[in-house]
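Peer 1: Predicted model and sequence follow; I will ask about them next.
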Amino acid sequence: MRVAVLPSADEAERHVAALFAAQLRRKPDSVLGLATGGTPVGVYRALVAAHRAGEADFGKARTFNLDEYAGVPPSHPQSYAAYMRTHLFDHVNLSPDRTHLPEGDADRAEDACRLYDALYRYYGPADLQLLGIGANGHIGFNEPGFVSATGGTQVVRLAESTRRANARFFGEGEQVPAYALTMSAGRILQARSIVLLATGAAKAAIVARALEGPIGTDCPASLLQLHPDATVVLDLEAAGALAPERG
Ligand code: F6R
């Protein structure tokens, strides 16, 4: 794994956005794997700015998101579909039929997973996959101990720590969904290139565990050590617990 440590979160986000813009210039019909959550907001902001500056053309690209909450329609403000529209899709030249997320509110979530996985196998794998990391080491919503190397897209139960962490995005009295649809770790690892972004001191311990600890399903992000082309982009705070020669 390559590790790039940037002085600030802002610079780390812009560094990742530049990797995506460069990917689009190199291969305009790239398949981009996208993530949600707090971490990539600045990446999407920088990508929108790059698009406005004529440096990122999404016209021929296709996107696949990692995950979506189960039981949440795309119109719900906390759905990942709404997040993507707010932060990226509404501001760049990506036509809706080229953007894909698992259908969170499908009557039968397992069928929605199968369909999503078939689409990903048809168009994918991602040329460049963006990842964040949960404080418990999850990637996508592959929670510690529930990692499938062979499964496609799956319905998973969210860890209580994940639901607590994500409560900050939901209104008072609103429940964080208990389940989600997520690409499996095995699918994620099929991406040609992966860039994981982590910023802030709260991620320092898990980043060190993922990069320097043993590979194991107790820390799903540690599986990235197996990937031939994975880059981890950190700000100084998130790099704070790495061994001195790295951080
Ligand atoms: C989001 C996702 C998650 C997040 C992770 C970190 O699509 O798959 O793995 O990347 O929960 O979230 P933040 O960035 O909010 O700390």
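Peer 2: Perfect, I can see it now.

Peer 1: In this structure, which residue sits closest to the ligand?
Peer 2: residue 132 (2.4 Å; CB to the nearest ligand atom). C-beta: built from backbone N, CA, C; applies to glycine.

Peer 1: Thought residue 200 was touching that residue, still the case?
Peer 2: No. Using CB atoms under 8 Å, residue 132 is not in contact with residue 200, being 11.0 Å away.

Peer 1: So which of the two has more stuff around it?
Peer 2: Neighbours were counted for residue 132 and for residue 200 using other CB atoms under 10 Å; residue 132 has more, 21 against 15.

Peer 1: so how far is residue 152 from the more buried one?
Peer 2: Computed as CB to CB, to the nearest Å, the residue 132 to residue 152 distance reads 21 Å.

Peer 1: what do you get for residue 236?
Peer 2: 37 Å.

Peer 1: and what of residue 94?
Peer 2: Relative to residue 152, residue 94 is positioned 24 Å away (CB to CB).

Peer 1: Neighbour count for those two, which is higher?
Peer 2: Taking other CB under 10 Å, residue 94 and residue 152 do not tie; residue 94 has more neighbours (20 against 16).

Peer 1: Show the backbone phi and psi for the more buried one.
Peer 2: phi -120, psi 120 (degrees, to the nearest 10).

Peer 1: And residue 4, by the same measure?
Peer 2: Torsion angles, degrees, to the nearest 10, at residue 4: phi -120, psi 120.

Peer 1: SS state for residue 130?
Peer 2: Here residue 130 is recorded as strand under DSSP: H, G, I helix; E, B strand; the rest coil.

Peer 1: any weak-confidence spans in this structure?
Peer 2: Under the criterion pLDDT under 70, the flagged ranges of the chain are 246-247.

Peer 1: got the residues of it near the ligand?
Peer 2: Proximity of the chain to the ligand (CB under 6 Å from any ligand atom) is limited to residues 35-39, 66-67, 132-134, 138-141.

Peer 1: how much space is there between the nearest residue to residue 29 once chain neighbours are set aside and residue 95?
Peer 2: With CB to CB, 6 or more residues apart in numbering as the criterion, residue 29 has its nearest non-adjacent residue at 4.2 Å, and that residue is residue 60. Distance, residue 60 to residue 95, using CB to CB: 10 Å.

Peer 1: And for the residue nearest to residue 29, the neighbour number?
Peer 2: Using other CB under 10 Å, the number of residues around residue 60 comes to 13.

Peer 1: can you pull the contacts of residue 62?
Peer 2: Neighbouring residues of residue 62 by CB atoms under 8 Å, 6 or more residues apart in numbering: 29-32, 98-100, 123.

Peer 1: So residue 151 sits against residue 184, correct?
Peer 2: Yes. Using CB under 8 Å, residue 151 makes contact with residue 184 at a distance of 4.1 Å.

Peer 1: Settle it for me: which of the two has more neighbours?
Peer 2: Legend: neighbour count by other CB under 10 Å for residue 151 and residue 184, higher for residue 184 (24 against 17).

Peer 1: My read is that that one contacts residue 153, right?
Peer 2: Yes. The criterion here is CB under 8 Å, and residue 184 meets it with residue 153 at 6.8 Å.

Peer 1: how about the nearest residue to the residue of the chain closest to the ligand, chain neighbours excluded?
Peer 2: Closest to residue 132 by CB to CB, 6+ apart is residue 39, at 4.2 Å.

Peer 1: next one: residue 59
Peer 2: Closest to residue 59 by CB to CB, 6+ apart is residue 93, at 5.0 Å.

Peer 1: and the gap between residue 139 and residue 169?
Peer 2: Between residue 139 and residue 169 the computed distance is 19 Å (CB to CB).

Peer 1: Can you give me the neighbour number for residue 49?
Peer 2: 15.
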